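Novice: Predicted model and sequence follow; I will ask about them next.
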Amino acid sequence: MWVQLLAGALLAFVLFRAFRLAMGLRAGSLEREQARLLEESRGRRVVAELPRDDGRVDLFLEDEAGFYWGDASIAKPELLGARLLLNEGVVSACVRWGGSLPEPGRGDEYEGRERWEVRVYLNDGGVKAVACGRLREGVSRAAGRAVFGAIEATVATAEGGA
């Protein structure tokens with residue numbers, strides 16, 4: 001009798017935890033969808049969802065004037081070029097016609113997981129990094145490629161671009 005009561009209580013506990021997890025995931029999904037709709041109503045296009053280390057997600061946004069993510073932004077006329085990096089190693093690069101990027105640093109030693117980033121170079125010599133995450137299964141890779149693709153398209157269509 002006690003074994004059955006204990007098993008029933010354990011089953012109820014596990015089902016309750018699974019229900020809370022499912023509702024938390026659903027709430028997060030609704031929150032991201034609302035943020036996406038708000039930004040789209042402002043005339044911005046959602047390029048990618050950037051996973052953060054704390055489990056939250058930032059949107060990488062584009063409009064006619066620039067790119068926006070988290071608390072950072074870049075005006076399109078300020079762009080010189082960009083590099084898509086995997087563990088600090090260069091995967092792809094783009095540069096405005098007539099410009100040049102600084103020499104890339106040496107890649108980090110492989111730490112057991114992928115770290116994707118887009119490093120954006122500005123006309124004034126500044127550099128901004130867009131952290132695209134460390135998630136496996138291609139999530140961070142897809143975010144990095146989407147961010148880099150949007151910046152590359154902007155650089156290529158800039159006046160005098162190639």
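Specialist: Structure's in. What do you need?
Novice: Next secondary structure element downstream of the helix or strand Leu37 falls within?
Specialist: In the assignment (DSSP states H and E), Leu37 maps to helix 2-41. Once helix 2-41 ends, the next helix or strand along the chain (criterion: DSSP H and E) is strand 45-51.
Novice: What average pLDDT does that following strand get?
Specialist: Mean pLDDT, computed over strand 45-51, is 86.
Novice: Let me see the contact set for the nearest residue to Ala75 once chain neighbours are set aside.
Specialist: Excluding its sequence neighbours, the residue lying closest to Ala75 (Cβ to Cβ, 6 or more residues apart in numbering) is Gly66, at 4.4 Å. In short, each C-beta sits where N, CA and C put it, glycine included. With contact taken as Cβ atoms under 8 Å, 6 or more residues apart in numbering, Gly66 is in contact with 73-76, 78.
Novice: Who is the residue sitting nearest the centre point of the chain paired with across the strands?
Specialist: Most central in the chain under Cα atoms, centre = their mean is Leu50, positioned 2.4 Å from the mean C-alpha point. Applying DSSP bridges to Leu50 gives these bridge partners: Asp58.
Novice: got the contact list for it?
Specialist: 57-60, 69-70, 130-133, 143, 147.
Novice: contact partners of whichever strand or helix holds Glu117?
Specialist: Taking DSSP H and E as the definition, one finds Glu117 inside strand 116-122. With contacts defined as Cβ under 8 Å, 6+ apart, strand 116-122 is touched by 74, 78-86, 88, 95, 101-102, 127-134, 140-141, 143-144, 147-148, 151.
Novice: how big is the angle separating that strand from strand 45-51?
Specialist: When axes from the mean of the first three to the mean of the last three Cα atoms, to 10 degrees is applied, the directions of strand 116-122 and strand 45-51 differ by 130 degrees.
Novice: Whichever helix or strand comes after strand 116-122 pairs with which strands, and in what direction?
Specialist: Downstream of strand 116-122, the first helix or strand assigned by DSSP H and E is strand 127-133. Looking at strand 127-133 with DSSP bridges, its partner strands are strand 116-122 (antiparallel).
Novice: buried stuff in the strand it pairs with?
Specialist: By neighbour count with 16 or more other Cβ atoms under 10 Å, strand 116-122 contains the buried residues 116-121.
Novice: now swap in stretch 91-101 and tell me
Specialist: 93-96, 101.
Novice: so of those, which ones are in strands?
Specialist: 93-95 (DSSP state E).
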